[in-house]
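Student: Coordinates for the following, if possible.
(2 chains)
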Amino acid sequence: DAGVIQSPRHEVTEMGQEVTLRCKPISGHNSLFWYRQTMMRGLELLIYFNNNVPIDDSGMPEDRFSAKMPNASFSTLKIQPSEPRDSAVYFCASDSGINTIYFGEGSWLTVV
Amino acid sequence: QKEVEQNSGPLSVPEGAIASLNCTYSDRGSQSFFWYRQYSGKSPELIMFIYSNGDKEDGRFTAQLNKASQYVSLLIRDSQPSDSATYLCAVNRSGGSNYKLTFGKGTLLTVNP
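Tutor: Next up, the predicted model:
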């Protein structure tokens, strides 16, 4: 199995630009999570999907952030407009419901 | 009070020693507990999970849970330099699903050859 696939791996963008992060979960996993990791705040859950439906987006920091999961094999996290404080590692993870969350390699975002 | 607290470290131990990593949590309704390892620049990977009070062993790793005291620990026996990483404690209120794991900020472990 290829694991959770994220793209891009690294992105540097200017403040105000739109950023789209992509994720392909492990086939057969029905739960998908977007996390953000920073030194200051650690690993935070942004949003959780189950069977392609957003269940809890209470961790999404503000309206500039949005996430979609149009089908079982694809999800996006969009930031528009981006700000320097959005610089972080964004992880996508999926879970088949047997107590093992598998993380992707992460998308390293730098907003300058 | 933070939901999940860990000593940030760094915790430094010599090769072959026992490394002890500790975690406390604030939500008494928490039912499942996880330890993840994260190498620098990499993603977290699950080491162990524990639900019941007591010890759970897996190879060189032992997870210990004490719900009355609201702490969970991870012991690594015969520590190796390859164990050097950040260890993240995660707590879930729900007994079954991994929904909404709350992570600590992690403890950096360094194993010196």
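
Student: Where does pLDDT dip in chain B?
Tutor: Along chain B, the parts satisfying pLDDT under 70 run over B:1-2, B:94-99.

Student: and the next element down the chain from the helix or strand hosting A:Ala67?
Tutor: Secondary-structure assignment from DSSP states H and E places A:Ala67 in strand A:65-71. Going down the chain from strand A:65-71, the next helix or strand is strand A:74-79, by DSSP H and E.

Student: Mind listing the strands that following strand pairs with, and their directions?
Tutor: strand A:19-24 (antiparallel), strand A:65-71 (antiparallel) (DSSP bridges).

Student: okay, the ones you listed, which one's buried deepest?
Tutor: strand A:19-24 (a mean of 19; mean count of other C-beta atoms under 10 Å in any protein chain shown). All C-beta spots, glycine's among them, are computed from the backbone N, C-alpha and C.

Student: who does the helix or strand just after that strand touch, helix- and strand-wise?
Tutor: Downstream of strand A:19-24, the next assigned helix or strand under DSSP H and E is strand A:31-38. Judged by 3 or more C-beta pairs under 8 Å, 6 or more residues apart in numbering or on different chains; DSSP states H and E, the packing partners of strand A:31-38 are strand A:42-50, strand A:74-79, strand A:88-95.

Student: just to revisit the earlier point, so which of the strands paired with strand A:74-79 gets nearest B:Leu21?
Tutor: B:Leu21 lies closest, by C-beta to C-beta, to one member of those: strand A:19-24, at 29.6 Å.

Student: Averaged pLDDT, the closest one. What do you get?
Tutor: Rounded to a whole number, the mean pLDDT of strand A:19-24 is 98.

Student: Chain B contacts on chain A?
Tutor: Remark: the part of chain A in contact with chain B comprises A:31, A:41-45, A:48, A:50, A:55-56, A:91, A:95, A:97, A:99-101, A:103-106, using C-beta under 8 Å from any C-beta of the partner chain.

Student: Recalculate using a threshold of 7 Å.
Tutor: Neighbours of chain B within chain A, by C-beta under 7 Å from any C-beta of the partner chain: A:31, A:42-43, A:45, A:48, A:56, A:91, A:95, A:97, A:99-101, A:103-106.

Student: Buried among these? Need that as a selection in ChimeraX.
Tutor: In ChimeraX syntax, the buried subset of the residues of chain A next to chain B is picked out as below (16 or more other C-beta atoms under 10 Å in any protein chain shown):
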select /A:31,42,43,45,48,91,95,101,103,104,105,106
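
Student: Can you report how many residues lie near B:Cys23?
Tutor: Counted with other C-beta atoms under 10 Å in any protein chain shown, residues neighbouring B:Cys23 total 26.

Student: Can you list phi and psi of B:Val91 for me?
Tutor: Backbone geometry at B:Val91, expressed as degrees, to the nearest 10, gives phi -130, psi 140.

Student: beta partners of it?
Tutor: Those that pair with B:Val91 in a beta bridge, by DSSP bridges, are B:Phe33, B:Thr102.

Student: and the gap between it and A:Val4?
Tutor: 22 Å (C-beta to C-beta, to the nearest Å).

Student: Any regions of chain A where pLDDT drops low?
Tutor: A:1.

Student: Tell me which residue is most central in it.
Tutor: A:Trp34 (3.4 Å; C-alpha atoms, centre = their mean).

Student: you'd agree it is up against A:Glu44?
Tutor: No. Using C-beta atoms under 7 Å, A:Trp34 makes no contact with A:Glu44, being 9.7 Å away.
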